[in-house]
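Asks: Provided below are the primary sequence and the corresponding predicted coordinates.
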Amino acid sequence: MLGKVFMLSALVAGLSASGALASQSAGAAREANQAAGSQSEGILLAQAGDVEIFYDGNGNRVIIDAYTGEIIAVQPPRRVRPMNRPALRRALRAQELDREERYYLDDPEDMERLRRRKLGDYRLLPPPVDEYDYPDAAREPSIDEFPPAPRRRTLPELREQPPRVVDREPVEREPLDEPAGPSAPGETIVVDPVAPPPMNFTAREDVAGIQVLMDRTGASPGVIDGKFGSNVDKAFDAYRETTGTSLRSTDSAGIKAALAATGGDPFTTYTITAADAAGPFVASVPADYSKKAQLENLSYTSVLEMLAEKFHMDEGYLKALNPEANFSRPGTIIRVANVGAPVTKKVQRIVADKGRKQVRAYDEEGELVAAYPATIGSTETPSPTGTHAVSRVAFNPNYTYNPKVNFKQGQNDKILTIPPGPNGPVGSIWIALDKPTYGIHGTPDPSKIGKTESHGCVRLTNWDAQELAKLVSVGVMVEFVE
């Protein structure tokens, strides 16, 4: 019994000594207190230095008697519970929410308190106000500042320059000239042509120059409007075939040289004559065939329309080239396309290409003489197929409407005779074929050639149809290809 008491005393004394020497935890202090209590009760304990403490490979604390070498106790390591950081953040957040105050957004005082609180909680201080965008050269840079960027150059001489002073000559005010009196009847009014202004429909003068070049050589682009399109592409192909030269739209030097060789500048000036202004003109062209038949002539509606067809131009483009011109006043000088003379070589064969929407005319040797953009038939009223022959040619013809033979227009179910004129259904030319009711003719809407459909015939611009009519004769073969 005495041995057990002694061993227990030694164990308690050893724990007290290890706590005093290591001072590692509050548990050791508690053990020392317990040892002191035991002494007061008369139990003998081992003195400091009578035990030795070791740690094995598993982290266990092994207490050994220093004299006997016996193991007094083995204490497993204390497990420290890891900190649960998400739970801690949630707890802190809950505390913050519990102490938040209520703020009313419509109360200015509450909003001011909220702003001060946010600035205090998050240290959101407003940036300092600096009216200068360059550093003060007299101030020494702080060690906390970044060094200047490499290759950065300052221009102190610019800062030291004196302010610029602009000297202006005094303005001399002079009286205005006397207003000019009204022009006498018949007096020539000269309006200087102006360069074409920028237009929102992408018309370009260089493109118009290309169209003029194509028109001069028999490769018609249709209306000259200063815009690229399928008709210009077809004209380029025909130009290469007729001239044997491979010209590109981006070859400015080549286009300029070709224009100089075929007639000079693409634009020229024209003076409106009294005959131009005299007409005759019609106020408007009705769409209904029965109303067309009541007119004496389907002539032009304005001098602008007449001159646009005369120079193979789109009406809008001609107007844009001369924005200040009065087309109804004789003597007005306007800027127009310099289209040149028409083709004169005789044609022996015509090909109406439905797929390309183009009419090509060949001479007796099979060489391409001229090419024109065309509207050839439609799905509802297709054009003829195979090969046919020219039966007759009529200039400025009237048009006989027969709904039983042709198409039906509107509510018109009777035969009508529509008067001649460039605004008639067949324009100013009719090249009849040996197939009844079919032929090659002009149009009242030249800007739509190659872009719309026809009632089975071959439709050209009035000027292209007039040129072709002078090149063909009765018996010339017309072949329709797909």
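Replies: Arrived safely, thanks for sending.
Asks: so where does residue 89 fall, helix or strand?
Replies: helix 85-99 (DSSP states H and E).
Asks: Helix or strand next in line after that helix, which one?
Replies: Next along from helix 85-99, by DSSP H and E: helix 108-122.
Asks: With only the CA atoms kept, save that following helix in PDB.
Replies: Extracted as PDB, the C-alpha positions of helix 108-122 are listed here (Å, rounded to 0.1, in the frame of the first residue of the first chain):
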ATOM      1  CA  PRO A 108     -31.800  63.400 -46.100                       C
ATOM      2  CA  GLU A 109     -30.600  63.100 -42.500                       C
ATOM      3  CA  ASP A 110     -30.800  59.300 -42.600                       C
ATOM      4  CA  MET A 111     -28.900  59.300 -45.900                       C
ATOM      5  CA  GLU A 112     -26.200  61.500 -44.500                       C
ATOM      6  CA  ARG A 113     -25.800  59.300 -41.400                       C
ATOM      7  CA  LEU A 114     -25.700  56.200 -43.700                       C
ATOM      8  CA  ARG A 115     -22.900  57.800 -45.800                       C
ATOM      9  CA  ARG A 116     -20.900  58.700 -42.700                       C
ATOM     10  CA  ARG A 117     -21.300  55.200 -41.400                       C
ATOM     11  CA  LYS A 118     -20.100  53.600 -44.600                       C
ATOM     12  CA  LEU A 119     -17.100  55.900 -44.700                       C
ATOM     13  CA  GLY A 120     -16.300  55.000 -41.100                       C
ATOM     14  CA  ASP A 121     -16.800  51.300 -41.500                       C
ATOM     15  CA  TYR A 122     -15.000  50.700 -44.800                       C
END
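Asks: for it, what is the average pLDDT?
Replies: Confidence over helix 108-122 (mean pLDDT, whole number) is 71.
Asks: ok, the closest residue to residue 271 other than its chain neighbours - how many residues close by?
Replies: Here the nearest residue to residue 271 in space, its sequence neighbours aside, is residue 333; by CB to CB, 6 or more residues apart in numbering that works out to 5.2 Å. For glycine as for every other residue, the C-beta is placed from the backbone atoms N, C-alpha and C. Residues lying near residue 333 (other CB atoms under 10 Å) number 17.
Asks: ok, now the one 5 residues further on?
Replies: Residue 338 is surrounded by 20 other residues when neighbours are defined as other CB under 10 Å.
Asks: which one's the longest strand in this structure?
Replies: strand 386-395 (DSSP state E).
Asks: Not counting that strand itself, show me its contacts.
Replies: 350, 428-435, 438, 466, 469, 472-480 (CB atoms under 8 Å, 6 or more residues apart in numbering).
Asks: Please determine how far the residue nearest to residue 277 when sequence neighbours are not counted is located from residue 215.
Replies: Nearest residue to residue 277, sequence neighbours excluded (CB to CB, 6+ apart): residue 330, at 5.1 Å. As judged by CB to CB, to the nearest Å, residue 330 and residue 215 stand 27 Å apart.
Asks: Between these two, which has more neighbouring residues?
Replies: Taking neighbours as other CB under 10 Å, residue 330 and residue 215 compare with residue 215 leading, 26 against 18.
Asks: downstream neighbour of the lowest-mean-pLDDT helix or strand in the chain in the secondary structure list?
Replies: Lowest mean confidence among the helices and strands of the chain (mean pLDDT, DSSP states H and E): helix 26-40, at a mean of 43. Where DSSP H and E defines the elements, the next helix or strand beyond helix 26-40 is strand 51-55.
Asks: just checking, what packs against that next one?
Replies: On a contact count with 3 or more CB pairs under 8 Å, 6 or more residues apart in numbering; DSSP states H and E, strand 51-55 meets helix 2-22, strand 61-65.
Asks: got the angle for it vs strand 61-65?
Replies: Per axes from the mean of the first three to the mean of the last three CA atoms, to 10 degrees, the angle that strand 51-55 makes with strand 61-65 is 150 degrees.
Asks: For the remainder of this discussion, apply numbering that starts at 55.
Replies: Okay, residue one is now 55; in that scheme the one you just asked about reads as strand 105-109.
Asks: List the buried residues in strand 105-109.
Replies: Within strand 105-109, the residues scored as buried using 16 or more other CB atoms under 10 Å are 105, 107.
Asks: quick one: strands adjacent to it?
Replies: Applying DSSP bridges to the sheet, strand 105-109 is found paired with strand 115-119 (antiparallel).
Asks: List the buried residues of the partner strand.
Replies: For strand 115-119, by 16+ other CB under 10 Å, it's 117, 118, 119.
Asks: Just the buried residues of stretch 345-361, please?
Replies: By 16+ other CB under 10 Å, the buried positions in stretch 345-361 come out as 346-347, 349, 351-355, 357-361.
Asks: which one of those is nearest residue 299?
Replies: residue 361 (31.6 Å; CB to CB).
Asks: That closest one sits in which helix or strand?
Replies: Taking DSSP H and E as the definition, residue 361 sits inside helix 357-364.
Asks: continuing past that helix, what's the next helix or strand?
Replies: Heading C-terminal from helix 357-364 (DSSP H and E), you reach helix 369-375.
Asks: re earlier: pull the CA atoms of the longest strand of the chain into PDB?
Replies: The C-alpha trace of strand 440-449 is given here as PDB (Å, rounded to 0.1, in the frame of the first residue of the first chain):
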ATOM      1  CA  GLY A 440     -35.200  28.800-129.300                       C
ATOM      2  CA  THR A 441     -34.300  31.000-132.300                       C
ATOM      3  CA  HIS A 442     -36.400  33.700-134.000                       C
ATOM      4  CA  ALA A 443     -35.900  36.400-136.500                       C
ATOM      5  CA  VAL A 444     -36.500  40.200-136.600                       C
ATOM      6  CA  SER A 445     -39.700  40.900-138.600                       C
ATOM      7  CA  ARG A 446     -39.800  44.700-138.500                       C
ATOM      8  CA  VAL A 447     -38.500  47.700-136.600                       C
ATOM      9  CA  ALA A 448     -40.700  50.600-135.500                       C
ATOM     10  CA  PHE A 449     -39.500  54.000-134.100                       C
END
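Asks: which neighbours does the following helix or strand past that strand have in its sheet, and in what orientation?
Replies: Beyond strand 440-449 in the direction of the C-terminus, DSSP H and E gives the next helix or strand as strand 453-455. Take DSSP bridges as the rule and strand 453-455 pairs in its sheet with strand 470-472 (antiparallel).
Asks: Please report the distance of residue 403 from residue 333.
Replies: Residue 403 is 39 Å from residue 333, by CB to CB.
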